[in-house]
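A.B. asks: got a sequence here, can you build the structure:
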Amino acid sequence: KGDGHVEGEKVENPDTGLYYDEYLRQVIDVLETDKHFREKLQTADIEEIKSGKLSRELDLVSHHVRTKLDELKRQELARLRMLIKAKMDSVQDTGIDHQALLKQFEHLNHQNPDTFEPKDLDMLIKAVSARYK
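C.D. replies: Numbers count the residues shown, from 1 in each chain. Purely as a prediction, here's the structure:
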């Protein structure tokens, strides 16, 4: 009957307003399932996170976590492709540069669509950091 946080209970975070907010939350949730990464995240200061030092820890997470992150990335790319297609359909301009459109999405490495790598985590962190400068 306490007012405190119950262990294992999900705390709802406010919407960041980012168009990739759901992807960001899912990546964080998956990373926090890895004990080693969760400990590193809890002890890291904001500069370690922004500098990309924390992203290098991705190489040490379990295979299961990496597999889930790969799947999340593929889903996010599919979502972005749908957005681009919808935008193209609405404009109906044949001169659209698909690569230029993809470059608008700086929160992931679109040149490697199959796997979630440290560069992806670094890009996600930098995109969020740039939004809140």
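A.B. asks: look at residue 80 and say how many residues are nearby.
C.D. replies: Residue crowding around residue 80 was assessed by other CB atoms under 10 Å; the count is 20. In short, each C-beta sits where N, CA and C put it, glycine included.
A.B. asks: and what of the one 5 residues further on?
C.D. replies: Burial of residue 85, expressed as a neighbour count using other CB under 10 Å, amounts to 12.
A.B. asks: got it, and residue 54?
C.D. replies: Burial of residue 54, expressed as a neighbour count using other CB under 10 Å, amounts to 21.
A.B. asks: doesn't residue 48 make contact with it?
C.D. replies: Yes. Using CB atoms under 8 Å as the test, residue 54 is close enough to residue 48 to be in contact (5.6 Å).
A.B. asks: just the CA coordinates for stretch 38-52, please, in CSV.
C.D. replies: As requested, the backbone C-alpha atoms of stretch 38-52 are provided in CSV (Å, rounded to 0.1, in the frame of the first residue of the first chain):
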residue,chain,number,x,y,z
ARG,A,38,21.9,-2.1,-18.2
GLU,A,39,24.7,-1.7,-15.6
LYS,A,40,26.8,0.3,-18.0
LEU,A,41,23.9,2.5,-18.8
GLN,A,42,23.1,3.2,-15.2
THR,A,43,26.7,4.1,-14.4
ALA,A,44,27.4,6.1,-17.5
ASP,A,45,27.4,9.9,-17.4
ILE,A,46,25.7,11.9,-20.1
GLU,A,47,29.0,12.7,-21.9
GLU,A,48,29.9,9.0,-22.1
ILE,A,49,26.5,8.4,-23.7
LYS,A,50,26.7,11.3,-26.1
SER,A,51,30.3,10.6,-27.1
GLY,A,52,29.5,7.1,-28.4
